[in-house]
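J.: got a sequence here, can you build the structure:
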Amino acid sequence: MTIPSNKKIYFASDQHLGLPNHKDSLVREKIFIKWLDTVKQDAEAIFLLGDLFDFWFEYKKVVPKGFIRVLGKLAEIRDSGIPIYFFVGNHDLWMDDYFEKELVIPVYHKPKEYIINNKTFLIGHGDGLGPGDKGYKRMKKVFTNPVSKWLYRWLHPDIGMRLGVYLSTKNKMISGDEDAKFLGEENEWLAQYCKRKLETKHYDYFIFGHRHLPMEIEVGDNSKYINLGDWINHLTYGVFDGDTIELKKHITE
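T.: Got it, this is the predicted structure:
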């Protein structure tokens with residue numbers, strides 16, 4: 001991928017729309033849409049790194065109610081010709097083909113490598129990577145198992161959605177969320193993951209979400225781990241101008 005001189009690549013993660021209730025979520029949804037309206041002016045591409053929704057599960061003929069504003073905005077941007085790439089997070093890992101069929105937005109379930117303007121990126125949500133968190137890793141294997149998803153679909157959507165929202169917000173082992181406190185450069189487990197990846201291949205940038213903390217950590221020679229933060233407390237995002245990437249904060253009026 002090559003970026004023209006007047007274009008940029010944008011990255012955002014962890015909007016958690018639906019949390020903690022419809023009223024408060026709608027406020028954040030409108031803020032995020034204003035950001036999308038701003039960046040579409042010079043975006044070469046937009047990467048969404050998961051947990052756009054606090055809970056998402058696709059039945060064969062049913063998707064969660066709501067979120068029409070953000071879905072409509074993503075459709076508008078995509079129809080204008082701007083590519084959007086979506087990486088599922090731990091709260092929306094049950095995505096199937098709705099985004100791909102309705103919005104023409106590819107959905108990825110694992111980190112993916114990109115070369116942009118001769119810079120090598122490894123991009124993903126970040127859940128389940130690095131050392132520790134064994135309980136969540138085991139739970140994720142259960143949740144992503146095709147048999148488990150097939151069985152869950154036998155629940156009536158009214159029951160399945162209600163149960164999913166409850167588990168997403170109440171059970172921290174299932175959600176995989178960590179307290180949003182900086183652990184120190186040596187203890188941040190995604191930074192440790194990046195360093196291990198560098199043992200076999202060089203990456204200029206590792207871009208992840210999940211931690212809900214905007215951070216930039218040097219993990220090797222000319223290699224940086226960037227966490228995008230969230231849209232609950234920080235309203236932060238990443239922007240790559242073709243040469244360097246920078247974390248920025250969306251300013252609300």
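J.: contacts and neighbour counts: CA atoms only from here.
T.: Noted.
J.: residue boundaries of the strands in the stretch 151-253 of the chain?
T.: Per DSSP state E, counting those that start in this stretch, the stretch 151-253 of the chain carries strands over the ranges 205-208, 214-220, 223-228, 236-240, 245-249.
J.: mind listing the helices for this protein?
T.: For the chain, the helices defined by DSSP state H cover 22-39, 68-79, 98, 134-144, 146-152, 157-170, 172-175, 189-198.
J.: looking at those helices, which is closest to residue 218?
T.: Closest to residue 218 of the helices of the chain, according to C-alpha to C-alpha: helix 189-198, at 8.6 Å.
J.: one step back: tabulate the helices of the chain in CSV, adding columns for mean neighbour count.
T.: As requested, the helices of the chain are arranged in CSV below (neighbours: other C-alpha atoms under 10 Å):
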stretch, mean neighbour count
helix 22-39, 16
helix 68-79, 16
helix 98, 18
helix 134-144, 15
helix 146-152, 12
helix 157-170, 15
helix 172-175, 18
helix 189-198, 19
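J.: go through those helices and name the closest to residue 234.
T.: Nearest to residue 234, of all the helices of the chain, is helix 22-39, at 11.3 Å by C-alpha to C-alpha.
J.: now residue 99: how far from residue 86?
T.: Note on residue 99: its distance to residue 86, by C-alpha to C-alpha, to the nearest Å, is 9 Å.
J.: overlap in contacts, these two.
T.: 105-107 (C-alpha atoms under 8 Å, 6 or more residues apart in numbering).
J.: so which of the residues you listed wins on neighbours?
T.: In terms of neighbours by other C-alpha atoms under 10 Å, those top out with residue 107 at 20 neighbours.
J.: re the thing from before, so which of residue 99 and residue 86 has more stuff around it?
T.: A count of neighbours by other C-alpha under 10 Å puts residue 86 above the other of residue 99 and residue 86, at 22 against 16.
J.: figure out which of the strands of the stretch 151-253 of the chain is closest to residue 123.
T.: In terms of C-alpha to C-alpha, the element of the strands of the stretch 151-253 of the chain nearest to residue 123 is strand 205-208, at 4.9 Å.
J.: what is the burial count for residue 130?
T.: Here the number of neighbours of residue 130 (other C-alpha under 10 Å) works out to 17.
J.: now for the residue lying closest to it once chain neighbours are set aside: which residues touch it?
T.: Setting aside the residues directly before and after it, residue 130 is nearest to residue 193 in space (C-alpha to C-alpha, 6 or more residues apart in numbering), at 4.4 Å. By C-alpha under 8 Å, 6+ apart, the contact set of residue 193 is 129-131.
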